[in-house]
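**Student:** Got a sequence here, can you model it:
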Amino acid sequence: MSSIKTAVSAGALFAAAAQFGFAAKAIFIKLAYAAHPGLDAVTLLAIRMLFSLPFFLFMAWLGNRDNGNTNMPRQPLSRGDWGFVVLLGFIGYYLSSFLDFWGLQFISAGLERLILFTNPTIVVVLSALFLRKHITGRVALALLVSYAGLALAYWHDLVITSDTRALVTGTVLVFLSALCYAIYMMVGTGLTRRIGSTRFTAYMMLVATGFVMAQFFIMRPLSALDLPPTIYLYGVGLAIFSTAAPVWMMAEALKRIGASDASMIGTVGPVITIFLGVIFLGEQVSLLQLIGAGLVLAGVAMISLNKTAPKPPDTPPTR
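**Tutor:** Got it, this is the predicted structure:
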């Protein structure tokens, strides 16, 4: 019994620490943009993926070893599996990340995190539209609560912004990022469980890295990487503290407490981002924004606890 309690407590700590790392992602991005006004999403994302590449290669190596401690035997990927890996790597990790980085050029870190946090609600809506899964009254209420909260948080940013067009542009881009990731969550869950979360995540991140670097070399000259050292420090922070370390910690949490409990602990993520934004970026926070954040968290928690709602995949997020 004590060993079970230890595993659960360790899993909870891993999940909480992972959420802190994911929550800091937007802070590193915003700091990098502020440090070098000419920096754009194409270049910054390329820097992040380059510094993360050794970790993804190590994950792929681990995933291809015998699965020893898991209940799922290692299986070779079929041609169809590889097709899905490339497709989901493009949509779920490359396109989603690019839209997110691009959107953060226009909106606050706190609002960005709240929009991304609505992923489970988007999955519910997409499942109802395309998989004919019934939306219960409780889930409908959760959707209403979540989007009412998001509207309040958005109103906070709308009141204080001096550039409404930028706010709308950034919001649309980040919402599209959340939509792309929701598509990955819907389509990729079965494949994740069949081939193993470590392998699946590593392969998709390697595919995404290929797309990111191709985009960079098509759209930017190599001289675009001639940047101040500060930008590369932020890039290392993104790669280590907001990608590699939290992905590993979330994987450990998933082993110990499962996807549902880990996702519930993830509700602290947006709140952490809001307060990190206040501390490191000087972003304004108001009671209206905090109420909105609370409603978003409550709505997502209601969906996560609902037995009929789609469950998160057993794979560590990289966002």
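
**Student:** helices and strands of the protein: which one has the lowest mean pLDDT?
**Tutor:** The helix or strand of the chain with the poorest confidence is helix 245-265; it has a mean of 79 (mean pLDDT, DSSP states H and E).

**Student:** how about it: buried residues?
**Tutor:** By neighbour count with 16 or more other C-beta atoms under 10 Å, helix 245-265 contains the buried residues 245-257, 259, 261-265. The C-beta positions use only the backbone N, C-alpha and C, and glycine is treated the same way.

**Student:** Would you tell me which helix is longest in this protein?
**Tutor:** Longest helix in the chain, counting residues (DSSP state H): helix 2-35.

**Student:** in it, what counts as buried?
**Tutor:** Buried residues in helix 2-35, counting neighbours by 16+ other C-beta under 10 Å, are found at 11-12, 14-33.

**Student:** Residue 104 versus the nearest residue in space to residue 106 that is not next to it in sequence, what's the distance?
**Tutor:** Once flanking residues are discounted, residue 106 sits nearest to residue 170: 2.9 Å by C-beta to C-beta, 6 or more residues apart in numbering. Note on residue 170: its distance to residue 104, by C-beta to C-beta, to the nearest Å, is 7 Å.

**Student:** re the thing from before, now do the residue nearest to residue 106, the pLDDT please.
**Tutor:** On the pLDDT scale, residue 170 is placed at 97.

**Student:** which ones are touching it?
**Tutor:** Residue 170 is in contact with 103, 104, 105, 106, 107, 111, 112, counting by C-beta atoms under 8 Å, 6 or more residues apart in numbering.

**Student:** was I right about residue 91 contacting residue 180?
**Tutor:** Yes - using C-beta atoms under 8 Å, residue 91 is in contact with residue 180, at 5.1 Å.

**Student:** Those two - which one has more neighbours?
**Tutor:** Per other C-beta atoms under 10 Å, whichever of residue 91 and residue 180 has more neighbours is residue 180, with 23 against 20.

**Student:** give me the number of residues near residue 38?
**Tutor:** Residue 38 has 8 neighbours, counted by other C-beta under 10 Å.

**Student:** Which of the three states applies to it?
**Tutor:** coil (DSSP: H, G, I helix; E, B strand; the rest coil).

**Student:** residue contacts, it?
**Tutor:** By C-beta under 8 Å, 6+ apart, the contact set of residue 38 is empty.

**Student:** That one and residue 20, how far apart?
**Tutor:** For residue 38 relative to residue 20 (C-beta to C-beta), the value is 30 Å.

**Student:** Same check on residue 290?
**Tutor:** Per C-beta to C-beta, residue 290 is found 19 Å from residue 20.

**Student:** what stretches of the stretch 1-150 of the chain score poorly on pLDDT?
**Tutor:** Across the stretch 1-150 of the chain, the ranges flagged by pLDDT under 70 are 1-8, 66-75.

**Student:** could you show me where the helices are in it, in order?
**Tutor:** 2-35, 41-63, 79-88, 96-103, 109-117, 119-130, 137-160 (DSSP state H, counting those that start in this stretch).

**Student:** Redo the ones you listed as TSV? Include distance to residue 211.
**Tutor:** As requested, these are arranged in TSV below (distance: least, C-beta to C-beta, whole Å):
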stretch	distance to residue 211
helix 2-35	19
helix 41-63	9
helix 79-88	9
helix 96-103	9
helix 109-117	20
helix 119-130	21
helix 137-160	29
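
**Student:** Output stretch 41-51 as CSV, restricted to C-alpha atoms.
**Tutor:** The C-alpha atoms that make up stretch 41-51 are tabulated as CSV, following Å, rounded to 0.1, in the frame of the first residue of the first chain:
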residue,chain,number,x,y,z
ALA,A,41,7.7,32.7,-35.3
VAL,A,42,9.5,30.9,-38.1
THR,A,43,12.9,31.5,-36.7
LEU,A,44,12.2,31.1,-33.1
LEU,A,45,10.4,27.8,-33.6
ALA,A,46,13.4,26.5,-35.7
ILE,A,47,15.7,27.4,-32.8
ARG,A,48,13.5,25.6,-30.3
MET,A,49,13.3,22.5,-32.5
LEU,A,50,17.0,22.4,-33.1
PHE,A,51,17.9,22.5,-29.4
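
**Student:** thinking again about what came up before, if you rank the contacts of residue 170 by neighbours, which is first?
**Tutor:** Ranking the contacts of residue 170 using other C-beta under 10 Å puts residue 111 first, with 31 neighbours.
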